[in-house]
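> Pasted the sequence and its predicted model underneath.
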Amino acid sequence: MGSMPSSSAVSDASAAPAADARRVHGDRGAYVGGDWVELEDCAELFNIKNGSESRCGGDCRACPRSRSRHTSAKPDGTYDVVIIGAGCIGSAIARELSRTTASVLLLEAADDVTQGATKGNSGIIHAGFDDKPGSVRAKYCWPGNQMFPQLDRELHFGFQRNGSLVVAKSGADVAVLKELLDRGGKNGVRNLRIVEQAELRRMEPAIDPAAIAALFSPDAGTITPYEYTIALAENAVDNGVELRTRRKVVAIRVEEAGGFTIIAKHWEPKAVAARLGGRSVAPSLLGAGAAVGAAALLAQAAGEGKDSDMSGWAAAAAALLFAVALFAWRLGASRFSGWLSYSPSPGTQMGGMVESEQIRARFVVNAAGTSSDAVAAMVGDHSFRIKPRMGEYILLHKDEGPKARHVLFPAPHPYFGKGCLVQSTLWGNLILGPTARDTVKLQPDGSLAADEAVLAEPSDNILGWILSKSRGLVPTFDAGAVIHTFAGARAKNTTGDWVIGPVAGAPGFVNAASIDSPGIAASPAIAVDVVRMLREAGAPVAQPDPLFNPNRAPLITPKDGFKNLKMSKTEPWKVKDPAQNVVCKCERVTEAEVVAACRRSLPIDSTQAIRKRTRAGMGHCQVRTRSAPACPCTCPSSNPPNPRQGDPDNYGCEARVAAIIARETGCPQAEVGRRPFPASSLMRQRIFDERDRERLRTLSDPNREFVLHGAAA
């Protein structure tokens, strides 16, 4: 079973080398365990064989709709542990529990794992030097940080240990660096040191000339947060955990005899609900009943005064068919009824028709993120309330990525956190942000209400704030190279710290709740400790599973440019070898990679799900375009989706991906979920023109002042 590293079990990174800006994950190599692996070594160290995904015996097929292939329920239908929420915290706990023989169910309200705050953040594996000593954050961050190299060697989600720099521009800022250095020491963080201007310039050639020093943490690193979470959830499900998506928990009953009954609303889009709801049989039965009834009437009329056995038989048959049809119609109507609306992240609206499910469990873990206060309240825990804090980000073209070799922070604000950062992502883009805007405010009666001024903030103010602040770290980036913007809502709460531990009055209920930054860094350490809490509470989680496989192969194969790849803009299925057929030109994603994702252990029914797993659609086009022809195979629908607004010169990757999903899952192509727009985008249109680019360049002027409601100046 996993364990948190001791304070002495730390990496030897006191003098990490400067990051190589030319090394981009997946391009002629990959990052494994924090270090770079060359392409020729990836077959052994990255694209491993016999990972947990191979447990299906090599004949894997797509999962059923909104659930994993198997159930982990015990013979009586109950579970040992139910985890509510499949973000990085819930998925890490699920993976840790999958080491044991316990029966575990992971519930997620959205249509896929990692749809909440986990997908909308910078993916930094913080070292933990800035957390308040003695806080819950400080307890878990550094131990979690130290677990990532081994986690990545097992799960292959991509972890780059590129280090972080907190940049000082004044004597007052240097004093802050010294305070952070001291705080880090109290938190057990190793390898911290302050670098002076000359060394800083060598480490970061594009840094603002006004920078005079920086606090260097070589153990900090970068991941892609949704790829990390998908890896955790996949490995957990491969090892026996059951997953159900589109299940929003609406009530929990604490049973007198012990344990819990969870009421979850299973929602599906209207068309899917109609298809799955059982109504399709009823009309044909009603029609058959009517036909037989009509025959009975005719027979009775024709045989009036004669032997009418035939008409009597027909009347009886009609009555039986009608009764069966009515029962089938009622059954179909009762399975999915009503409507549920759900928003897992800013700007994203989901919902559909619902059916109710009752789930019984002896133990429950609350990892529901921004909904964790509502879940806790279901068992009588009103000790905290969530105050969502909005964080917006801007993503730039990969051409801008080399301008930051480390994660760059300004000297932090005393209340609003780490400030607006600049970093190169694992996949080579430059990312700027975030904002920190509190979306609710305390009312005189003690209640929380939406801050309308924050919600109505003009997009230009938000864009200008991020771009102009980022100029203070890296002055030379091209603001016109923006390809995407996105946002996440962080689960801040009224206590000021994370809420982790058992709940008084609800034996067997454990909170892993309201976890914001640096929650991803802390997630593996939190998972280990939550399992300890469950064990001490009596959960059957002490017996190791002898079949547990900690390893997982990645979905993405590193490429050497376009070597051995083929593509056709006008004939998507012309290339017959899926390993060579490119479906996303910008990110060089092949048909084989999309197929592999569809056949893994997590259910997939949207292009967004594939986007997070393979990067198909993550490139600089960032656009939905003209539909690709349906693939010449067994797709239930041969009609491609209607044309959408888009760049006529684009490769059309989303339509290609949708066709593959339909083929692999057997669902109608029209039911494949598509990427929404605008969602949380701050841009006025999906396709940027030169007017948009000039507007962004103007907004990035560092001499302009932007003040955001509910945020730091």
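Alright, I've got the coordinates.
> right, and the helix or strand after the host helix or strand of Pro143?
Counting by DSSP states H and E, the element that carries Pro143 is helix 136-155. The helix or strand immediately downstream of helix 136-155 is strand 164-168, counting by DSSP H and E.
> Low-confidence bits of the protein, can you list those?
1-2, 5-21, 57-59, 278-334, 413-417, 622-649, 712-713 (pLDDT under 70).
> Check the offset of the longest strand anywhere in it from the chain's centre.
Counting by DSSP state E, the longest strand found in the chain is strand 348-366. Average the C-alpha atoms of strand 348-366, do the same for its chain, and the two points are 18 Å apart (Cα atoms, centre = their mean, to the nearest Å).
> Strand partners (parallel or antiparallel) of it?
Strand 348-366 pairs in its sheet with strand 79-84 (parallel), strand 260-268 (antiparallel), strand 337-345 (antiparallel), strand 509-513 (parallel), by DSSP bridges.
> could you dump those to TSV with mean neighbour count and distance to Arg588?
The way it works is simple: take the backbone N, C-alpha and C, and place the C-beta from them, glycine included. Below are those laid out as TSV (neighbours: other Cβ atoms under 10 Å; distance: least, Cβ to Cβ, whole Å):
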stretch	mean neighbour count	distance to Arg588
strand 79-84	26	35
strand 260-268	21	34
strand 337-345	16	27
strand 509-513	27	37
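> Of all those strands, which one is nearest Asp701?
strand 337-345 (30.2 Å; Cβ to Cβ).
> Would you mind pulling the contact partners of the closest one?
If you take Cβ atoms under 8 Å, 6 or more residues apart in numbering as the criterion, strand 337-345 is touched by 109-110, 115-117, 119-120, 248, 265, 267, 349-355, 487-489, 680.
> before we move on, back to that, okay, the strands paired with strand 348-366 in a markdown table with distance to Ala411 next?
Shown next, in a markdown table, are these (distance: least, Cβ to Cβ, whole Å):
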| stretch | distance to Ala411 |
| --- | --- |
| strand 79-84 | 38 |
| strand 260-268 | 45 |
| strand 337-345 | 30 |
| strand 509-513 | 31 |
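> Any idea which of these gets closest to Gly666?
strand 260-268 (15.5 Å).
> Take that closest one, keep the C-alpha atoms, and write them as CSV.
C-alpha atoms of strand 260-268 as CSV (Å, rounded to 0.1, in the frame of the first residue of the first chain):
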residue,chain,number,x,y,z
PHE,A,260,-25.2,5.2,4.2
THR,A,261,-27.8,5.2,1.5
ILE,A,262,-26.8,7.6,-1.3
ILE,A,263,-29.4,9.0,-3.7
ALA,A,264,-27.9,9.9,-7.0
LYS,A,265,-29.6,11.4,-10.1
HIS,A,266,-28.3,9.7,-13.2
TRP,A,267,-28.8,12.2,-16.1
GLU,A,268,-28.5,11.7,-19.8
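> Pull the distance from that strand to the chain's centre.
Counting by Cα atoms, centre = their mean, strand 260-268 is centred 21 Å from the centre of its parent chain.
> before we move on, back to that, just checking, what packs against the helix holding Pro143?
strand 29-32, strand 124-125, helix 225-238, strand 499-502, helix 519-536 (3 or more Cβ pairs under 8 Å, 6 or more residues apart in numbering; DSSP states H and E).
> Dump those into JSON lines; add distance to Val657 as well.
JSON lines is the format used below for the helices and strands packed on helix 136-155 (distance: least, Cβ to Cβ, whole Å):
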{"stretch": "strand 29-32", "distance to Val657": "22"}
{"stretch": "strand 124-125", "distance to Val657": "29"}
{"stretch": "helix 225-238", "distance to Val657": "16"}
{"stretch": "strand 499-502", "distance to Val657": "38"}
{"stretch": "helix 519-536", "distance to Val657": "27"}
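> No further queries at this time; thank you.
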